[in-house]
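Visitor: Quick one, structure for this:
(one chain, ligands or ions: 1)
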Amino acid sequence: MVITIDGPAGTGKSSVAQKVADLLGFDFLDTGAMYRAVALAAVRRQADLNDPRELEFIARHARIEFDWSAHPPAIQLNDEPVGHLLRGAEVTAAASRIAVVPAIRQQLVEQQRQLGQQRGSLVTEGRDQGSVVFPDATLKIYLDADPAERGRRRVAQLRARGEIVDPAEILRQIVERDQRDSGRATGPLAAATDASIIDTTHLTQQQVIEAIVKLARQRMEQS
Ligand code: DC
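Guide: Sure thing, here's the model as predicted:
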């Protein structure tokens, strides 16, 4: 059984997906971390982010796995735990460039489907999980929020981590990433036609979690 949660950056997808997975006793898959791990490999090799063939080569040699015994599951790049290296500005910007390369998407989509089969019950979070990766998911959620509100949330998150941030620059980056994520030809950010859309602009995280868990329990009863 798969529950997909898609949506743009700053909608709180990750924390929401993780908590929904905990409440339902499902595994949690952060697919953005997979793109970020490939980006880290590219940044370390000082790859040309405009050269899809170089990026594809790097992705093919990047073994991305999760340690499912950790909570949340810990991402590894060629056996190295790299979760703590994936949230900086450089890797974040590179991930968004990596994510437009069709061959890399294909590789990661295939791996995500395999994980879906292996893990059994999964809450998976990304941009294309309901629209492309798991078209038959039991429940598809699309989280959205006003860009200004998403910017405020990201600023609060970064400040909580002790980072010094410029709110205008964060909003600019969010809008730019939205455009790149929605505009790409392969696996663009999109709500599946059968997704439940939740606008989180005026909701607390707890309200969003409760709404999703309620929908999930209804679907589980139906099936
Ligand atoms: O969700 P995130 O910010 O960690 O995602 C990092 C980048 O990867 C972001 O630019 C969008 C992209 N991504 C994607 O294209 N498809 C996914 N399923 C998940 C993330």
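
Visitor: could you say what helices and strands the helix or strand of the chain with the lowest mean pLDDT packs with?
Guide: Each helix and strand of the chain was given a mean pLDDT (mean pLDDT, DSSP states H and E); the minimum falls on helix 167-183 at a mean of 90. For helix 167-183, the packing partners by 3 or more CB pairs under 8 Å, 6 or more residues apart in numbering; DSSP states H and E come out as helix 89-98, helix 147-160. For every residue, glycine as well, the C-beta is placed using N, CA and C.

Visitor: burial count for residue 14?
Guide: Neighbours of residue 14 under the rule other CB atoms under 10 Å: 17.

Visitor: before we move on, the earlier item: would you mind finding the most buried of the helices and strands packed on helix 167-183?
Guide: helix 89-98 (a mean of 19; mean count of other CB atoms under 10 Å).

Visitor: close to the ligand, is it?
Guide: Yes: counting by CB under 6 Å from any ligand atom, the ligand is contacted by helix 89-98 at 95, 96.

Visitor: and the angle from that helix to helix 167-183?
Guide: 20 degrees (axes from the mean of the first three to the mean of the last three CA atoms, to 10 degrees).

Visitor: who does helix 89-98 touch, helix- and strand-wise?
Guide: helix 31-44, helix 52-60, helix 167-183.

Visitor: got a list of contacts for the shortest one?
Guide: It stands for helix 52-60. With CB atoms under 8 Å, 6 or more residues apart in numbering as the test, helix 52-60 has contacts from 38, 41-42, 45, 47-49, 97-98, 101, 103-104, 107-108.

Visitor: same question, the longest one
Guide: Contacts with helix 167-183, where a contact means CB under 8 Å, 6+ apart, come from 8-10, 92-93, 96-97, 99-100, 127, 147-148, 150-152, 154-155, 158, 188-190.
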